[in-house]
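**Q** Sequence first, predicted coordinates after that:
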Amino acid sequence: MTYQSDPFQPQTDNAAPEPWPSQPAAAADVAAPPQPAYTAPAAEGFATAGWSRPDAKNWMGITALVTSLLGFSIVGIVFGHLGRSAVRKGEASNPGMALAGLIIGYIFLILGVIVTIAYFALFAAVISDPTLIEGATTA
C-alpha cells in the first residue's frame, strides 16, 4: 500500500483505494436477523374527539387543596366543588384532594368569619368603653 505525499491531489492511477486494515471484509453469507414490524407509538397528551384522559382535570383538586392551605378559602371551595364534579364525570382521578380542599376551605372560612366577628365586637366594645384599655386617659 502506498500513500500520496499530498492528500489533496487526485490519484493518478485508476485503482480502487485499499480498505483500511481495521475494516472487516464484507460477509455476504451472514444473514441479518429480521426486523420487527413497526408500530406507531401511542400519542401521549393528545386527546381525540370525545375522549379525555382520566386525570385531565386533576389540577382542580390540587388547586383546591393548595389555595385552601394558603388561606384563600373561597377559591379553594370553588375549585374543590369543580374538582369533585370532574371526578364524578370521570375527568379526574383525585377525589381525596378535592375533598380535602373543600373541608379545609370551609374550616378556614368559618374561622375567618369567627375572627372577623370577634374583631368587630372587640372594636365596638373599646369604642363604647375606653376604660377597657389600660392606661387610657379621658379628657
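**A** Sure thing, it's come through. Numbers count the residues shown, from 1 in each chain.

**Q** count of neighbours near residue 61?
**A** 28 (other Cβ atoms under 10 Å). Heads up, the C-betas are built off the backbone N, CA and C, glycines and all.

**Q** same check, this time on residue 81
**A** So residue 81, with other Cβ under 10 Å, has 16 neighbours.

**Q** What does the pLDDT read for residue 132?
**A** Per-residue pLDDT puts residue 132 at 69.

**Q** where are the low-confidence patches of this protein?
**A** The model of the chain has pLDDT under 70 over residues 1-7, 9-31, 40-54, 132, 134-139.

**Q** just the helices in it please.
**A** 58-69, 73-89, 95-128 (DSSP state H).

**Q** Tell me which of those lies nearest to residue 35.
**A** helix 58-69 (39.4 Å; Cβ to Cβ).

**Q** coming back round to it: with distance to residue 37 as added columns, please give the helices of the chain in TSV.
**A** Output for the helices of the chain, formatted as TSV (distance: least, Cβ to Cβ, whole Å):
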stretch	distance to residue 37
helix 58-69	35
helix 73-89	38
helix 95-128	41
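
**Q** Tell me which of those sits nearest to residue 34.
**A** That would be helix 58-69 among these, by Cβ to Cβ, at 43.0 Å.

**Q** and that closest one, what does it pack onto?
**A** helix 73-89, helix 95-128 (3 or more Cβ pairs under 8 Å, 6 or more residues apart in numbering; DSSP states H and E).

**Q** and the shortest one with helix 58-69, angle?
**A** In other words, helix 73-89. 150 degrees (axes from the mean of the first three to the mean of the last three Cα atoms, to 10 degrees).

**Q** Helix 73-89 to helix 95-128, inter-axis angle?
**A** Using the same axes, to 10 degrees: helix 73-89 against helix 95-128 is 160 degrees.
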